[in-house]
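Engineer: Turn this into a model:
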Amino acid sequence: MVLSALRGGVAFLTRLPVGGGEREWDAFRTTPATFPLVGYLVGALAALPFTLLYAVSRPGTVAALYLGTLYLVTGITHADGLADVGDAAVVHGDAERRLDVLKDSQTGVGGALALALSVVTLALGAFGVAAAAANPVVDLRIIVALGIVVAAEVGAKAGMALLACLGAPAHEGLGSAVVAENDATGLLSVAVAALPAVLAAPPSATLALVCALLSGPAVALLLRRWAAGAVGGVSGDVLGAANELGRVVGLHAGVVAWTLF
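Structural biologist: Numbering: from 1, shown residues only. From the prediction side, this is the model:
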């Protein structure tokens, strides 16, 4: 069951060619702990460019490689969800009107702005992590940098799982197939799955990894509150937006905690 859920989670959350069918999809959507578990895989792959800092001390190059690796692994499905949420957030009207905009496949000004800000701030967050790791004054710099990247990804996926466990479906669709199948009882398994992202941190970097990890769930809670009133609940687009925004906030929170505290 667990292996089937993991295979379904990798197939749904990444572009990695793992195959999978209806059995794996059903196992994944009813096992919320799979979200953060897949986050470890995505985070580890996306963090690979940071290992180059010993060879090439170029934070900008590493940040660019991180972005390229990340979207090569994950694709743009979740980014598209963020764009749809951005369009819905700026439209005038009631929840029904916003929901119609959310379902519209065309990207408007609000969506384009949300997507652009997300990519820019993600790049700046990655640059901040790389720049801190390239600083010879910072202890265990590469290890901590890798930990922040992985923790931010695990936290973003834990935020998606939180929405799946606490949200109400906004409408019939891919999102409701996940949200309608889970409840608050799944949160314990999500927390247990996400906890190792901070346990291996050096004592001096524990706060940084905790901040990176908890940012995803914090963003998800804010999105849940917005979505409940704005579009009537959690949709697949809201799940995607939680992933993208949780990762961005996680990187920035992690590097700020690392360098200032």
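
Engineer: any residues touching the helix or strand where residue 177 lies, and which ones?
Structural biologist: Assigned by DSSP states H and E, residue 177 belongs to helix 174-179. Residues outside helix 174-179 that contact it (Cβ atoms under 8 Å, 6 or more residues apart in numbering) are 29, 163-164, 167-170, 233-239. For every residue, glycine as well, the C-beta is placed using N, CA and C.

Engineer: Low-confidence regions, this structure specifically.
Structural biologist: Residue ranges of the chain with pLDDT under 70: 1, 55, 136-139.

Engineer: run the last query once more with 80
Structural biologist: Applying pLDDT under 80 to the chain flags residues 1-2, 20, 53-57, 93, 95, 101-102, 104-105, 135-140, 174-175, 200-201.

Engineer: Helices of that one, start to end?
Structural biologist: Along the chain, the segments classed as helices by DSSP state H run 2-13, 22-29, 34-47, 59-74, 77-90, 95-103, 109-134, 141-166, 174-179, 187-194, 196-199, 206-230, 236-260.

Engineer: Can you name the residues that contact residue 109?
Structural biologist: Counting by Cβ under 8 Å, 6+ apart, residue 109 makes contact with 87, 90.

Engineer: Same check on residue 6?
Structural biologist: With contact taken as Cβ under 8 Å, 6+ apart, residue 6 is in contact with 28, 34, 37-38.

Engineer: What subset of the contacts of helix 174-179 is buried?
Structural biologist: Buried by 16 or more other Cβ atoms under 10 Å: 29, 163-164, 167, 169-170, 233-239, out of these.

Engineer: Present the residues you listed as a markdown table; the columns should include distance to residue 202.
Structural biologist: Output for the buried ones among the contacts of helix 174-179, formatted as a markdown table (distance: Cβ to Cβ, whole Å):
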| residue | distance to residue 202 |
| --- | --- |
| 29 | 36 |
| 163 | 31 |
| 164 | 32 |
| 167 | 35 |
| 169 | 42 |
| 170 | 42 |
| 233 | 41 |
| 234 | 36 |
| 235 | 39 |
| 236 | 38 |
| 237 | 38 |
| 238 | 35 |
| 239 | 33 |
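
Engineer: what's the closest of these to residue 257?
Structural biologist: residue 163 (24.3 Å; Cβ to Cβ).

Engineer: I'd say that closest one and residue 241 touch.
Structural biologist: No. Contact criterion Cβ atoms under 8 Å: residue 163 and residue 241 do not qualify, at 9.7 Å.

Engineer: Report the set of residues contacting both of the two.
Structural biologist: With Cβ under 8 Å, 6+ apart, residue 163 and residue 241 have common neighbours residue 223.

Engineer: Number of residues surrounding residue 24?
Structural biologist: 21 (other Cβ atoms under 10 Å).

Engineer: Same question for residue 94.
Structural biologist: Neighbours of residue 94 (other Cβ under 10 Å): 10.

Engineer: start the count at 425, not 1, going forward
Structural biologist: Yes, from this point I'll number from 425; that puts the last item at residue 518.
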